[in-house]
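Engineer: below: sequence and its predicted model.
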Amino acid sequence: MTKRLLLLLLPLFLLAGCNRQEAAAPAGQLPAVTATPVSGDTILQGSSGDATTFLPVLASDSASSEVNELVYNGLVRYDKNLQYQGELAESWEISPDNLVITFHLRKGVKWHDGAPFTAEDVLFTYQTYIDPQVPTAYAENYRQVDKVEILDPLTLRVSYKKPLAQALISWGVSIMPKHLLAGQVLTKSPLASAPVGTGPYRFVEWKRGEKIVLAANPDYFEGRPHIDRVVFRIIPDESTMFLELKAGGIDMMGLTPLQYARQTESPEFIKAFGKYRYPAFAYTYLGYNLNRPLFQDKRVRQALAHAIDKREIIDGVLLGLGQEATGPYKPGTWPHNPTVRRYDYDPAKARELLAAAGWKDSDGDGIVDQNGQPFAFTIVTNQGNDQRSKAGEIIQRRFREVGVDVKLRVVEWASFLKEFINPGKFDATILGWTVPIDPDGYNVWHSSKTRPGELNFIGFRNAEVDTLLEQGRRTLDQGARKKAYDRLQEILADEQPYTFLYVPDALPVVAARFHGIEPAPAGISHNFIRWHVPKSEQKYLQ
């Protein structure tokens, strides 16, 4: 996962479906750094899911965002050490009361069609996000803005009604071109399938279900990227993707635990590739559709949590390359609360809670029932992520042992989002979130975010959680924010709208011919435009 997907869309949570991962710490042989970088070559990156749209305001899936982050820029970003850094903004000032940010934009930045980038584009992007006719999941931070004023073509002032903890980094959102989008119905815009940005790579081609091609932007304001082309190859099956990696059909992918631990240790592989490992900024969960009567009693959800052996999943599916998730924050980070209620594997407790909720096996068929209806439902998950489907099989078996009949359905990524998740037409789902560094979870947990296409698609509603989310985003004091988010995690642990399953280790691998990779707290791709291949090792010619 590249730097802006993970770090620059920081107000956003992204549905994690694709098999690409970011890394922060090396494991195994690293590519050497050459003294004089040269341009040329192509990097082919494996992705298990296809994009859905290249308009950032509409994209909530990782497949689309991984392309968008190379095509577009935000005003600000995090640097390799996770410190604020300007991108399209050259500098900024924040007022003492934290209510006003004045941005000074870079001079000479051009859109890929040659038009100049100005403050008008930033204002247009803001107006697009708050437009009630635009079906975006990410309007909330921009609704907190009182006004945006253009002071001159390269200066604008953003005023807030109240302090907002994410105010500055929320402007890491991808800025869109006013001259190409103004007055259009966004869902019908040509830019949804052929984007025009200011970023390091220009869009070339999208063959749906096959590949997405980008080319280096020679006019990029930070300098032309050394790698000429980036190709995202859509390969839904992880085993097929790994075969393509070994055969040279792709250069970069996220390894499965089995591949990392048992299939990449030969001298030949170690010579040909660099492997990386670190706890991902992500978690995987079993989410329950709370609009379904079956899941509206929290005792049922607690019972299901006790029926799942998380250690079995971590050891059997992840081969130990991960850790138990107890909430929406990565263990070891400041917002994580390690003291929340845990649900140890306890089938007897699960049966007890089910019985207390009125679910008993009245007819002796092995399935608990209530008012003549068996406890039966379907878990859906996405194709291209064997970890989720294997976890689903383990969960299915464990649920059966406590009298719950579950079917598992695996669906192609785009269809999975369009037909099941976005319209809320599912019973339960195994999914993952790529989470931001800032802990604001408003878009995922607030009760106002339950409409079709928004991120609280399980329909979780809790008045105290709403209040805590408001408190956490209205102060810049980390101690006060932690107090709010600690309580948030306590409520989520009790209510169990998700059974939080695991935090996987990210396990990316990159072909050794790519030099200039520098692991850092921000990952390996913070300097992606400076990756390069020596002339003698280049594989693809233009």
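Structural biologist: The structure has been received and is ready for your questions.
Engineer: what distance do you get for residue 67 to residue 160?
Structural biologist: Look at residue 67 and residue 160: by CB to CB, to the nearest Å, they are 31 Å apart. Quick note: C-beta positions are derived from backbone N, CA and C, even for glycine.
Engineer: of the two, which one has the most company?
Structural biologist: residue 67 (25 against 18; other CB atoms under 10 Å).
Engineer: got the CA positions of the helix or strand containing that one in CSV?
Structural biologist: Assigned by DSSP states H and E, residue 67 belongs to helix 62-71. Output of helix 62-71 as CSV, limited to C-alpha atoms (Å, rounded to 0.1, in the frame of the first residue of the first chain):
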residue,chain,number,x,y,z
SER,A,62,-8.6,0.6,-1.5
ALA,A,63,-8.3,-0.5,-5.2
SER,A,64,-9.5,2.8,-6.5
SER,A,65,-7.6,4.8,-3.9
GLU,A,66,-4.3,3.1,-4.7
VAL,A,67,-4.5,4.5,-8.2
ASN,A,68,-5.9,7.9,-7.1
GLU,A,69,-3.0,8.5,-4.7
LEU,A,70,-0.5,8.4,-7.6
VAL,A,71,-2.7,10.6,-9.8
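Engineer: phi and psi next, for residue 272.
Structural biologist: With angles defined as degrees, to the nearest 10, residue 272 sits at phi -90, psi -20.
Engineer: what sits against it?
Structural biologist: For residue 272, the contact set (CB atoms under 8 Å, 6 or more residues apart in numbering) comprises 511, 512.
Engineer: same check, this time on residue 211
Structural biologist: Here residue 211 is in contact with 205, 231, 232, 233, 234 (criterion: CB under 8 Å, 6+ apart).
Engineer: out of those, who's the most crowded?
Structural biologist: Busiest of those [other CB under 10 Å] is residue 232, holding 27 neighbours.
Engineer: host element of the closest residue to that residue other than its chain neighbours?
Structural biologist: Of all residues not flanking residue 232 in the chain, residue 212 sits nearest, at 4.3 Å (CB to CB, 6 or more residues apart in numbering). Element membership for residue 212, per DSSP H and E: strand 211-216.
Engineer: next SSE after that strand?
Structural biologist: strand 229-234.
Engineer: so residue 391: helix, strand or coil?
Structural biologist: The three-state assignment at residue 391 reads helix, by DSSP: H, G, I helix; E, B strand; the rest coil.
Engineer: for residue 134, see how far away it is.
Structural biologist: Distance, residue 391 to residue 134, by CB to CB: 35 Å.
Engineer: neighbour count: those two, which is higher?
Structural biologist: residue 391 (27 against 17).
Engineer: just to revisit the earlier point, for the helix holding residue 67, packing partners?
Structural biologist: On a contact count with 3 or more CB pairs under 8 Å, 6 or more residues apart in numbering; DSSP states H and E, helix 62-71 meets strand 14-15, strand 201-207, strand 211-216, strand 229-234.
Engineer: tell me which of these is the most buried.
Structural biologist: Mean neighbour counts were compared across those using mean count of other CB atoms under 10 Å; the top stretch is strand 14-15, at a mean of 26.
Engineer: for this structure, give me the ranges with low pLDDT.
Structural biologist: Confidence mapping of the chain against pLDDT under 70 gives the ranges 1-35, 542.
Engineer: burial measure for residue 334, as a count.
Structural biologist: 12.
Engineer: contacts only, for the closest residue to residue 89 other than its chain neighbours.
Structural biologist: Ranked by CB to CB, 6+ apart and with sequence neighbours excluded, the top spatial neighbour of residue 89 is residue 75, at 4.0 Å. Residues near residue 75 by CB under 8 Å, 6+ apart: 86, 87, 88, 89, 92, 103, 105, 122, 171, 172, 175.
Engineer: ok, now residue 395?
Structural biologist: 286, 308, 313, 379, 406, 430.
Engineer: you'd agree it is in a helix?
Structural biologist: Yes. Assessed by three-state DSSP, residue 395 belongs to a helix.
Engineer: let me see the contact set for residue 538.
Structural biologist: 40, 41, 513.
Engineer: am I right that residue 103 is in a strand?
Structural biologist: Yes. According to three-state DSSP, residue 103 belongs to a strand.
Engineer: that one contacts residue 122, correct?
Structural biologist: Yes. Between residue 103 and residue 122 there is a contact at 7.4 Å, judged by CB atoms under 8 Å.
Engineer: give me the common contacts of the two.
Structural biologist: When contacts are counted by CB under 8 Å, 6+ apart, residue 103 and residue 122 have 75, 156, 171 as shared neighbours.
Engineer: secondary structure and distance to residue 113 added to those residues, as CSV?
Structural biologist: Formatted as CSV, those follow (DSSP: H, G, I helix; E, B strand; the rest coil; distance: CB to CB, whole Å):
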residue, secondary structure, distance to residue 113
75, coil, 20
156, strand, 22
171, helix, 23
